[in-house]
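Q: for reference, the sequence and a predicted model appear below.
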Amino acid sequence: MTAVVRTIPAATEWVQRQRAEGKSIGLVPTMGALHEGHLSLVRRARQTCGRVIASVFINPLQFGPGEDYQRYPRDFDRDLSLLEREQVDAVFHPETAEIYPSPPLISVCAGNLGETLCGASRPGHFNGVTTVVAKLFHIIPADRAFFGQKDAQQLAVIRSMVRDLNFPITIEACPTVREPDGLAMSSRNAYLSPGERSNATILYRALQRAREMIQSGTRDAPNVEAKMREMIQSAPGAELDYARVVDRDTLAGLREIDKEVLVAVAVQFGKTRLIDNMIVAP
Ligand code: PAF
């Protein structure tokens, strides 16, 4: 039976009850519109923790002006039935006013890590993510929290926040889940028209090409980036945001590929912004 908790005191009390029973707690933070990627996080949490709680909260702070906050898909009944099927123990689904009774005066700054890659075209986005994730970690003091590798920059930012601000929680990254044609699962894939959907495989194809180049001996990062840019720019309807080879922890740009790197792309299709990445070892 999955408990639905909607207030901060109820969530904290739920955690205390599980602790009193000697259970470890796994947290899966989400914004709903769940897909197989989220469910893989839940399954991993179930393997490693005594109790699993998922949060479903669309965080207004991480959407910029003109972004898709208003039209972000909302179907809590569907999300809840998927989570019930995965035997999640509790779902934290607060109203916006429960989390932000008034605009926060203090927030968590993601620093340089939040300004590169997606942060360059989504200013403030990662500060919104770190602020809500810090709040969730306080409201639900879990042992482990689970995030998808698909959002590699988010993962790097959250790991850094946990390390730098001494949050007593372990962050676990789970592999990207893909459609059969390679497109990374994302709640935003639902926005794509049929034509955009079939062209959107260019992100995965460009990453695969980058991996092939690196694994067959290319060490020049700008060369790999140029190939990815060329491929993406030739896909119909694709507007390239970035195609980069960066340090997987600091997200800093590289010239030479002499260790495991993060290869990351962001592409706009109409009104839909898609991201994807791969960790590649030379
Ligand atoms: O990855 C997401 O769905 C969101 O950024 C998160 C981590 C739930 C914070 O709102």
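A: Sure thing, it's come through.
Q: so which residues on the stretch 151-282 of the chain come close to the ligand?
A: Contact residues (Cβ under 6 Å from any ligand atom) of the stretch 151-282 of the chain with the ligand: 151, 154. In short, each C-beta sits where N, CA and C put it, glycine included.
Q: can you give me the helices for the stretch 151-282 of the chain?
A: 152-164, 194-199, 202-215, 221-233 (DSSP state H, counting those that start in this stretch).
Q: of all of the stretch 151-282 of the chain, which residue lies closest to the ligand?
A: Nearest residue of the stretch 151-282 of the chain to the ligand (Cβ to the nearest ligand atom) works out as D151 at 5.3 Å.
Q: where along the stretch 51-200 of the chain do the strands fall?
A: 51-56, 90-92, 144-148, 170-174 (DSSP state E, counting those that start in this stretch).
Q: and the helices of the stretch 151-282 of the chain as TSV, adding distance to G32, mean neighbour count and mean pLDDT?
A: Shown next, in TSV, are those (distance: least, Cβ to Cβ, whole Å; neighbours: other Cβ atoms under 10 Å; pLDDT from 0 to 100):
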stretch	distance to G32	mean neighbour count	mean pLDDT
helix 152-164	16	20	98
helix 194-199	21	14	98
helix 202-215	23	20	98
helix 221-233	29	18	98
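Q: can I get those helices in CSV with distance to G182?
A: Putting the helices of the stretch 151-282 of the chain into CSV (distance: least, Cβ to Cβ, whole Å) gives the following:
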stretch, distance to G182
helix 152-164, 17
helix 194-199, 12
helix 202-215, 3
helix 221-233, 13
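Q: for K135, which of those is the nearest?
A: Minimum separation from K135 across the helices of the stretch 151-282 of the chain (Cβ to Cβ) falls at helix 152-164, 11.8 Å.
Q: got a list of what the residue of the stretch 51-200 of the chain found nearest the ligand touches?
A: Nearest residue of the stretch 51-200 of the chain to the ligand: N59, at 4.0 Å (Cβ to the nearest ligand atom). By Cβ atoms under 8 Å, 6 or more residues apart in numbering, N59 lies in contact with 31, 99, 128-129, 132.
Q: ok, so of those residues, who is nearest Q87?
A: Nearest member of the contacts of N59 to Q87, counting by Cβ to Cβ, is M31, at 21.3 Å.
Q: can you count the residues close to that closest one?
A: Other residues lying near M31 total 19 when counted by other Cβ atoms under 10 Å.
Q: not counting sequence-adjacent ones, nearest residue to it?
A: Nearest non-adjacent residue to M31, counting by Cβ to Cβ, 6 or more residues apart in numbering: I58, 4.8 Å away.
Q: repeat for G195
A: For G195, ignoring the flanking residues on the chain, the nearest one in space by Cβ to Cβ, 6+ apart is G237 at 6.8 Å.
Q: dihedrals phi and psi, the one you found?
A: Dihedral pair for G237: phi 80, psi 0, per degrees, to the nearest 10.
Q: run a quick neighbour tally on it.
A: By other Cβ under 10 Å, the residues close to G237 number 16.
Q: surely it touches K271?
A: No - G237 lies out of contact with K271 (Cβ atoms under 8 Å); the separation is 11.4 Å.
Q: now do stretch 120-135: distance to the chain's middle.
A: 11 Å (Cα atoms, centre = their mean, to the nearest Å).
Q: pick out the residue nearest the middle of the protein.
A: By Cα atoms, centre = their mean, the chain has its centre lying nearest to D151, at 3.6 Å.
Q: okay, that one: pLDDT?
A: Note for D151: predicted pLDDT of 98.
Q: skipping adjacent residues, who's closest to it in space?
A: Counting by Cβ to Cβ, 6+ apart, D151 lies nearest to I275, which is 7.3 Å off, once chain neighbours are set aside.
Q: now do the same contact list for the nearest residue to A281 once chain neighbours are set aside.
A: Using Cβ to Cβ, 6+ apart and skipping residues adjacent in sequence, the residue nearest A281 is E260, 4.6 Å away. By Cβ under 8 Å, 6+ apart, E260 lies in contact with 248, 279-282.
Q: quick one: buried ones out of the residues you listed?
A: Using 16 or more other Cβ atoms under 10 Å as the burial test, those include 248, 280 as buried.
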